[in-house]
Every structure is written in C-alpha cells, then in structure tokens.
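Chemist: Just a sequence and a predicted model for now, questions to come.
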Amino acid sequence: MVGKPTLPNWLVYIRPHIKPYLALGRGERRKYIEKLSKQTKLSDNSLRRYIAAAQFLEAEGITDLPPGGRLPLGAVENIARIAAHDPSRRRILLDKVAAGNMTIDEVAAELETTRKSAKRRRNTSFVGLEDLVIEELKERQVDLKGLSILSFDDDGDARYFDSQTKPSLVIRLPGKPPMVAMDGRKVGGTAASFMRQRKEFLRNVLVAAGLYETVLVYAPHWQEDVARLIGHARSAVGVRILLIESSERPEEYAHSSSGS
C-alpha cells in the first residue's frame, strides 16, 4: 500500500524557497537545507532534488501540480534528463505525466531510448547551417551577389557572448552591415546543462540582436522559446531576429517507447 506523500504538493511548498536558497553561499545553503529538513522530515538530498526539479518546471511555466497531485519528482527529473538530449520532447512528456497517461517507469524507459537515439544522432551529419542561411536569404529575396560566409570564431567578437552558445557564422554582403547566424542544435549533457544552455542561447540571441542588424536563428529544439523571445522583445530588437523554419521537426526525434 502506497503511503501519503510527505509533501502533498511538493511544488507549491518548495517554490518560495528557491530564490532564498540560490542567493546563499555554499555553507549557508547547507544550513538552509538542514532547517527545511527538520521541518519536513525529508533528507537534504531530497530537498535539493525538489529545488532543481521546481526550477525546471518553473522554466516551463509550471508553478503548481495538476489536480490529483501528479508530476512526481522522479518523473520530472527524468524528463529534465531527456530534455538535455532532446528538448523537443519535454512538454509532450510533462503533459502526459500530468494527465496520468504516463508512469514513472515509462518515463525511465523513454530516457533510455532517448540516450540511445542521442548516440546515433551524434554520428549523423547535421544539415549545414550555411546552406540553411543561404536558402533563407533567397526566400527573403536578398541579393546574394558578393556573399561571403565566415566562421564567427574567425570574423566575430566572442567577448560579449556566453561561449557555448555564441553565434556560429558571420554573413557579409557588399555595402550592408554584417549579419550573424546562430545554431541551436548543440544540446546534450545533464538536466542542469539543458536549462543553462537554453538560458544562455536565448540571452545570446538578444545580445546578437543588439550588436548586429540581423540575427538568423536556426533552433529546432528552441523554436517556441525563440518565437516567444521575439514577441517579448522591444520591436526594434525583435525585428532583427529572423527565425529560420526548422526542417528537423520534433517527430524526427520521436521515440517508440510505451506510453509515448
């Protein structure tokens, strides 16, 4: 028989503690967690896991558990790990778990399938960003006479960008300000790195829009995030960000595990 959870709504409980916890130094964080541990009778490790999972959900706009108290910690953690390899799946899986249509075990199986698929994809060549940029500019009827496309490492200034998600290419046309292109396909690692990469990538898009006249963004995994960013940005900034429609749709990364 399954007992009642120690925290009936762990998300509502832990959210007010996220900012105070993150604002503290390492030693003070330990004391803060120890205090919560005495209050809740949960281990220090469990509380840290709750905080990390709540950060992930908050970034997805989820601030409360659905009716029935679904979204168990283990499922959220594994969905965050899946997102590190395949961000396009995160909302689908969260919605399925929240609706009671996917169990913790099925999410764990999905994680294993995702990891195997990620290994296969690492051995598969991406569609070249340069080709995508040229096609996009042609569709926008840009005169490409005299076009030159260079690596951002060779022709850009990386001082203003987070290094892992900085622009990839600099596009130059005679008599026009340089443009840059950004590639959002470089994902992988841990659940924490997924959240960090997304934040850094979106921040770099904004930085690029402040420095360059045009920023072409190809981000199959981050399309909704970039579109939302464009909508929230000042019009003078948003108009500079051109989102290249993805030819790598989420279904190309779909998995066949049970419950999906």
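Modeler: Alright, I've got the coordinates. Residues are numbered from 1 along each chain as shown.

Chemist: Please name every helix or strand in contact with the helix or strand residue 237 falls within.
Modeler: If you go by DSSP states H and E, residue 237 is part of helix 235-238. Contacts defined by 3 or more CB pairs under 8 Å, 6 or more residues apart in numbering; DSSP states H and E place helix 235-238 against helix 191-211, helix 223-232. For the C-beta atoms, the positions are set from N, CA and C on the backbone; glycine is no exception.

Chemist: Export these as CSV, with columns for distance to residue 71.
Modeler: Formatted as CSV, the helices and strands packed on helix 235-238 follow (distance: least, CB to CB, whole Å):
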stretch, distance to residue 71
helix 191-211, 15
helix 223-232, 20
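
Chemist: Tell me how many other residues crowd residue 153.
Modeler: 12 (other CB atoms under 10 Å).

Chemist: Residue 70 versus that one, what's the distance?
Modeler: Distance of residue 153 to residue 70, given as CB to CB, to the nearest Å: 46 Å.

Chemist: Then residue 117?
Modeler: From residue 117 to residue 70 the distance is 26 Å (CB to CB).

Chemist: Going by residue numbers, what spans are strands in the stretch 51-200 of the chain?
Modeler: With strands called from DSSP state E, counting those that start in this stretch, the stretch 51-200 of the chain shows them at 148-151, 169-172, 179-183.

Chemist: deepest of those strands, which one?
Modeler: strand 179-183 (a mean of 24; mean count of other CB atoms under 10 Å).

Chemist: For that strand, which strands pair with it and how are they oriented?
Modeler: strand 169-172 (antiparallel), strand 214-218 (parallel) (DSSP bridges).

Chemist: What ranges in this protein fall below the confidence cut-off?
Modeler: Scanning the chain for pLDDT under 70 picks out the ranges 1-6, 69, 119-127, 187-192, 247-260.

Chemist: Helices of that one, start to end?
Modeler: Under the criterion DSSP state H, the chain contains helices at 10-22, 26-40, 44-59, 73-85, 90-98, 104-122, 129-139, 152-155, 191-211, 223-232, 235-238.

Chemist: For the last one, list every residue counted as buried.
Modeler: So the one you mean is helix 235-238. Of the residues in helix 235-238, residue 237 count as buried by neighbour count, 16 or more other CB atoms under 10 Å.

Chemist: now do the longest one
Modeler: Along helix 191-211, these residues count as buried under the neighbour rule (16+ other CB under 10 Å): 191, 194-195, 197-198, 200-202, 204-209, 211.

Chemist: May I have the phi/psi pair for residue 144?
Modeler: phi -100, psi 10 (degrees, to the nearest 10).
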